[in-house]
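Asks: Return atomic coordinates for the entry below.
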Amino acid sequence: MVYLATLALAAAIAVSNVAQAWDSGLAGKLTVQVPPSPPPSAGDSGRGQTARVDAVLDALRETPGVRSAEQLSQQEMARLLEPWLGAAAGSADLPLPALIAVEVVPARAPELASLQRRLDRAAAGTRVDDHQRTLGRLLEVARTLQLLAVLVVALVGAAAVVTVVFVTRTGLSIHRNVIELLHLIGAQDAYVARQFQRHALRLGLTGGLIGLALGAATLWALARWVGQEAGAVVPELTLSQPQWLSLLAVPLAATLVAMLTARITVLRTLARLS
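Replies: Residues are numbered from 1 along each chain as shown. Next comes the predicted model:
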């Protein structure tokens, strides 16, 4: 159970890290695509691609709320496309649009529809991509995954409580004669409860440490595998050192739950028997 809870908690933390990276990396930013220059008959007066990009850059820099607008170099575009196209991403034969990275002031961000019309007048076919729409959907998915992970932790905790209750009641039934003898010589219910509590402490701590070790090994293997496969599609799921240390709380919490559950179960059962 500690193994499953460790994996679920680590998944929730990793997804939260990815969501924060997306939010901080894309918030307040736009991408403008200027398609390759059309032929003269297309109504663009035969302007070259450089002139089209310059016209779009000028329009962007004159737009209120735009903090900066910079064209991506050919090398930067090749690096972005490499996860999908491989070595072909740097080919000069690909009819790639010019990409312009735009940073806006969040409080004074331009209205996208009017910005789209303005840029289309500067260079026909120019398209504005708002990352906030995609980011919003990604964050919704991330929050759903976090909720599922927390639900798994809650279910594991509930299963642990039920298991300890069952084991404790079984132990009380097995040692019923011994417990009655202890009562006859003056032992209180609290004394009996402490014996079961200590037993639950030993078992919970031992099982918790084993589960934590197995969980850490699994997470380490997953981190190595995801690190090799990470790229544009698969994000890098990593945990910081404090987050790794926070996973130590899982076996401690499991041990505490086992102790308290065993004590409460014993005291309530003995109270009914008496």
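
Asks: Next, the buried residues of the helix or strand bottoming out on mean pLDDT in the chain.
Replies: In the chain, no helix or strand scores lower on mean pLDDT, DSSP states H and E than helix 74-85, which sits at a mean of 76. For helix 74-85, burial by neighbour count (16 or more other Cβ atoms under 10 Å) applies to 77-78, 81. No exception for glycine: its C-beta is placed from N, CA and C like everyone else's.

Asks: what residue ranges in the stretch 51-200 of the chain score low on pLDDT?
Replies: Segments of the stretch 51-200 of the chain classed as low confidence (criterion: pLDDT under 70) are 83-93, 132, 134.

Asks: repeat that for 50
Replies: For the stretch 51-200 of the chain, not a single residue meets the criterion pLDDT under 50.

Asks: Restrict stretch 113-130 to CA atoms and write it as CSV.
Replies: Taking Å, rounded to 0.1, in the frame of the first residue of the first chain, the C-alpha atoms of stretch 113-130 are listed here in CSV:
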residue,chain,number,x,y,z
ALA,A,113,-9.1,39.1,-33.6
SER,A,114,-8.1,42.7,-34.3
LEU,A,115,-4.4,41.7,-34.1
GLN,A,116,-5.0,38.9,-36.6
ARG,A,117,-6.7,41.3,-39.1
ARG,A,118,-3.9,43.8,-38.7
LEU,A,119,-1.2,41.2,-39.4
ASP,A,120,-3.1,39.8,-42.3
ARG,A,121,-3.1,43.2,-43.9
ALA,A,122,0.7,43.4,-43.3
ALA,A,123,1.3,40.0,-44.9
ALA,A,124,-1.5,37.9,-46.3
GLY,A,125,-1.9,34.5,-44.7
THR,A,126,-0.2,35.4,-41.4
ARG,A,127,-1.6,33.5,-38.4
VAL,A,128,-1.6,34.2,-34.7
ASP,A,129,-1.4,31.3,-32.3
ASP,A,130,-2.5,31.9,-28.7
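
Asks: So what's the gap between it and the chain middle?
Replies: Taking Cα atoms, centre = their mean, to the nearest Å, the mean C-alpha location of stretch 113-130 is offset from the chain mean by 34 Å.

Asks: Where do the strands of the stretch 151-274 of the chain begin and end?
Replies: Taking DSSP state E, counting those that start in this stretch, the stretch 151-274 of the chain contains no strands at all.

Asks: and residue 70, what helix or strand is that in?
Replies: strand 66-71 (DSSP states H and E).

Asks: Of the buried residues of helix 74-85, just say which sits nearest to residue 183.
Replies: The closest of the buried residues of helix 74-85 to residue 183 turns out to be residue 81 (Cβ to Cβ; 77.8 Å).

Asks: Let me see the ranges of the helices in the stretch 151-274 of the chain.
Replies: If DSSP state H, counting those that start in this stretch is used as the criterion, the helices of the stretch 151-274 of the chain fall at 176-184, 189-229, 241-246, 249-273.

Asks: Need the winner for burial among these.
Replies: helix 249-273 (a mean of 18; mean count of other Cβ atoms under 10 Å).
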